[in-house]
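Trainee: When you get a sec, could you give me coordinates for this:
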Amino acid sequence: MHLPLLQDILILLGFSVLIVFLLQKAKLPSILGFLITGVIIGPFGLSLVNAVEEVEIISEIGVILLLFVIGMELSIKKLISMRKTVFIGGFLQVGLTVLVAGICYYLLGNSWNESVFIGFLFSLSSTAIVLKVFQDRNEMSTPHGRNALAILIFQDIIVVPMILFTPIIAGESTNVTASILNLLFKSVVVFVITFLSARYVVPKFMHAIAKTNNKELFLLTTITICFAVAFLTSEAGLSLAFGAFIAGLIISESEFSHQATSIILPFRELFISFFFISVGMLLNLNFFFNHIGVILLLVLAVLVVKSSIVALAIAILKYPSRTVLITGLSLFQVGEFAFILSKVGIEYNLLSAETNQYFLAVSIVTMLLTPFVIIFSENISDRFHNTKIAKALASSSKENPEELYENVEIDLSNHLVIIGFGINGSNLAKASQFSNIPYVVIEFNAEVVKREKAKGIPILFGDATQPHILETVNLSKARSVVVAISNAEATRTIISNIRNISQSVYLVVRTRYVKEITELIAHGADDVIPEEFETSIEIFSRVLHDFLVPENDISEFIDLIRSDNYKLFNSKKKLPNTFKSTKIPNVNITCLRVNIDSGRIIGKSLKDLDIRKDYGINILAIERKDEVIDHIDPNEKLHYNDKLYVSGRQENIEEFHRILN
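Mentor: So this is what the prediction gives:
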């Protein structure tokens, strides 16, 4: 059976793999590769794909999943922590861009509603490309990285009202007031349902699903919620994209949002690749090359005007000139949501075919230029810093760190990541808390997460085999990671994912069996602690203590066993006896070896040392070269490597032990 669509998808994916691979060599975002792929294989390029409409339908799923993930990643707490830049900076940027772009388009002889819609399109930037470049450059925690994120968040929110408002400005309704009121009523109803669902319904439902520990069921439930809410909002007269965003926002308020995001991300990446490829396929190359002069002038105008507007919005918030300029240059492009919005505009005749081609050309070129502009933005900022304009901005800004970082969520750094909250994980968490070590826990048991979160433990629900979960706890800046789960296959996957994120983090892994040590170290673990023999070590160390074997001998024996990967336990070779005396009952005693070689101890008589007076302990016997001296003469001198059997309080014994070593 021949499936034409399968052939087209194979061509599409094959070209994507090749082009994205080449771009990765140049350290450029994958999205650029998808756009270029669409341009090459589309109907205006090599015409290798015939099922253009089917590809666009698949790309719509990508849009739904994109907005769903954005909704899940946008928690209400995050919005509140960045509210100043999100709402003031974002509103200024979007509002001024719509105003300037709309006026320019209106002066060219177009209608006001078309002009407003063009303003909508050019006010939106690319969340996917900008955040990807910042993540690759480790700049998400910088002031310009946080500012860019805040404005992009506002754009991601405002695109939904733009989609809903487009039919109204298109004149589809004769009674504009009634349409606006109807839109507000629907929005209020959706908001109430969202709030109630996020607060009372979905968390309990997701908790019940998570308790099953069935990943397939959790995945199906998450996707079902996404498409169900999207379908219901569409039936109510709102958009699919808006419904997906609402579904994501509902899940974001539960402790399962990180896990839900991690399992959706691979699907989102796949379908969103179809979306960007479909956008590239829309570009008419003949139109592009015939009007390349005008297009490049428009690109330059967008770069200057939009960067200036973003910079102005950040400058009003009193940020320093360097942050102002880099943020402005980072957000000059026209982004992916503008493509979604443009389809709505074409549907309501707000965008002509020729204008759409100009828009597509300008958008794709600005997106292609974005990584290069961000890379060179620091050099541009340094050159601009000494100009009069920069000095004027600097004089008006108050570079107060407390003000700059006010209400911004602090990223974890130099912290401990604990994966698994069983006995080992919980004990490690208690030790970390006692020692004031910052830590965060990843746990896949819903009951445990709910219980420990109520106690104030920094724990999140998630499957650590998903890279997104590890990135959520800022693993790239962690100091140590402890994997304390019992699933061997999952442990290997987690180790590989950790090493893909960070090669330097100290990684300790718990396992059940010694035979797994070599394999886990080969995967990237720094230390592997097997339960099988660590329990044995604890048992025999206590027994040896009871038999008064010297502390140093016990420590050396334990180190020998561990350094040899516990092979000594499997050896049939008999170990030499280290103690030949008998146990002294009912006395708090231990055995210490004289390891110090200074004249402070060695060669001194017990009378001169006056150990009882100075250290509060009694020497009961001395073992020297297999001879036990049980009758202690005050004139007896201590020799190097003597074993001393002493009695006394534990703290006094420990103090004397330090003296001897």
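
Trainee: From here on, just use CA atoms for contacts and neighbour counts.
Mentor: Will do.

Trainee: Strands of the protein, start to end?
Mentor: 416-419, 439-443, 459-461, 480-483, 506-511, 527-530, 589-593, 617-624, 627-629, 643-648 (DSSP state E).

Trainee: Throw the ones you listed into TSV and include mean pLDDT, mean neighbour count and distance to V100, thanks.
Mentor: Formatted as TSV, those follow (pLDDT from 0 to 100; neighbours: other Cα atoms under 10 Å; distance: least, Cα to Cα, whole Å):
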stretch	mean pLDDT	mean neighbour count	distance to V100
strand 416-419	92	25	48
strand 439-443	91	23	46
strand 459-461	87	25	44
strand 480-483	90	22	50
strand 506-511	87	20	52
strand 527-530	82	19	60
strand 589-593	80	23	83
strand 617-624	86	18	87
strand 627-629	84	13	97
strand 643-648	84	21	86
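
Trainee: what's the closest of those to I246?
Mentor: strand 459-461 (21.1 Å; Cα to Cα).

Trainee: Go ahead and confirm M82 touches L152.
Mentor: No. Between M82 and L152 there is no contact under Cα atoms under 8 Å: 11.7 Å.

Trainee: picking up where we left off before, for the strands of the chain, which one sits closest to A260?
Mentor: strand 459-461 (9.4 Å).

Trainee: And the residue nearest the centre of the protein?
Mentor: Residue closest to the mean C-alpha point of the chain, counted by Cα atoms, centre = their mean, is E471 at 2.3 Å.

Trainee: And the pLDDT for the nearest residue to that one once chain neighbours are set aside?
Mentor: Among residues not flanking E471 along the chain, I501 sits closest, at 8.0 Å (Cα to Cα, 6 or more residues apart in numbering). The model reports I501 with a pLDDT of 85.

Trainee: burial count for I501?
Mentor: 16 (other Cα atoms under 10 Å).

Trainee: gap between it and P467?
Mentor: 8 Å (Cα to Cα, to the nearest Å).

Trainee: since we're on L300, how many residues are nearby?
Mentor: 15.

Trainee: Can you read off the pLDDT for it?
Mentor: Value for L300, per-residue pLDDT: 95.

Trainee: For V324, see how far away it is.
Mentor: L300 is 19 Å from V324, by Cα to Cα.

Trainee: contacting residues around the residue nearest to E471?
Mentor: I501 makes contact with E471, L475, S476, according to Cα atoms under 8 Å, 6 or more residues apart in numbering.

Trainee: thought the last one was touching S502?
Mentor: Right, S476. Yes. Counting by Cα under 8 Å, S502 is a contact partner of S476 at 5.4 Å.

Trainee: Of the two, give the one with the bigger neighbour count.
Mentor: A direct count of neighbours by other Cα under 10 Å for S476 and S502 places S476 higher, at 21 against 14.

Trainee: Contacts only, for that one.
Mentor: Taking Cα under 8 Å, 6+ apart as the test, what S476 contacts is I501, S502, V505.

Trainee: How about L609?
Mentor: I601 are the contacts of L609 under Cα under 8 Å, 6+ apart.

Trainee: Relative to S647, how far out is it?
Mentor: Where S647 is concerned, L609 sits at a distance of 16 Å (Cα to Cα).

Trainee: Next: S352.
Mentor: 96 Å.

Trainee: now do L99
Mentor: Taken as Cα to Cα, the span from L99 to S647 is 87 Å.

Trainee: ok so, going back, mind checking pLDDT for the residue nearest to the centre of the chain?
Mentor: On the pLDDT scale, E471 gets 82.

Trainee: now for the longest helix along the chain, which elements pack on it?
Mentor: Taking DSSP state H as the criterion, the chain has its longest helix at helix 353-384. Applying 3 or more Cα pairs under 8 Å, 6 or more residues apart in numbering; DSSP states H and E, one finds that helix 353-384 contacts helix 30-41, helix 127-136, helix 257-282, helix 285-290, helix 292-316, helix 321-330.

Trainee: Which strands and helices lie in contact with the longest one?
Mentor: Using 3+ Cα pairs under 8 Å, 6+ apart as the contact test, the elements touching helix 257-282 are helix 30-41, helix 52-73, helix 215-235, helix 353-384, strand 459-461, helix 467-472.

Trainee: And for the last one, what's in contact with it?
Mentor: Where contact means Cα under 8 Å, 6+ apart, the residues beyond helix 467-472 that reach it are H258, Q259, T261, S262, L265, G462, D463, A464, N497, I498, I501.

Trainee: got the buried residues for it?
Mentor: P467, H468, I469, L470, E471, T472 (16 or more other Cα atoms under 10 Å).

Trainee: do the same with the longest one
Mentor: By neighbour count, with 16+ other Cα under 10 Å as the criterion, the buried positions of helix 353-384 are 356-371, 373-374, 377-378, 380-381, 384.

Trainee: and that helix with helix 127-136, angle?
Mentor: 30 degrees (axes from the mean of the first three to the mean of the last three Cα atoms, to 10 degrees).

Trainee: what about helix 353-384, average pLDDT?
Mentor: On average, helix 353-384 scores 86.

Trainee: Kindly report the same for the third one.
Mentor: Averaged across helix 215-235, pLDDT comes to 84.

Trainee: So what touches that helix?
Mentor: For helix 215-235, with Cα under 8 Å, 6+ apart as the criterion, the contacting residues are 64-65, 68, 206, 209-210, 239-244, 246-248, 260, 263-264.

Trainee: Next: the shortest one.
Mentor: If you take Cα under 8 Å, 6+ apart as the criterion, strand 459-461 is touched by 255-256, 258-259, 440-446, 449, 452-453.

Trainee: cool, stretch 426-441 as well?
Mentor: Contacts for stretch 426-441 (Cα under 8 Å, 6+ apart): N414, H415, L416, V417, I418, I419, G420, F421, P458, I459, L460, V473.
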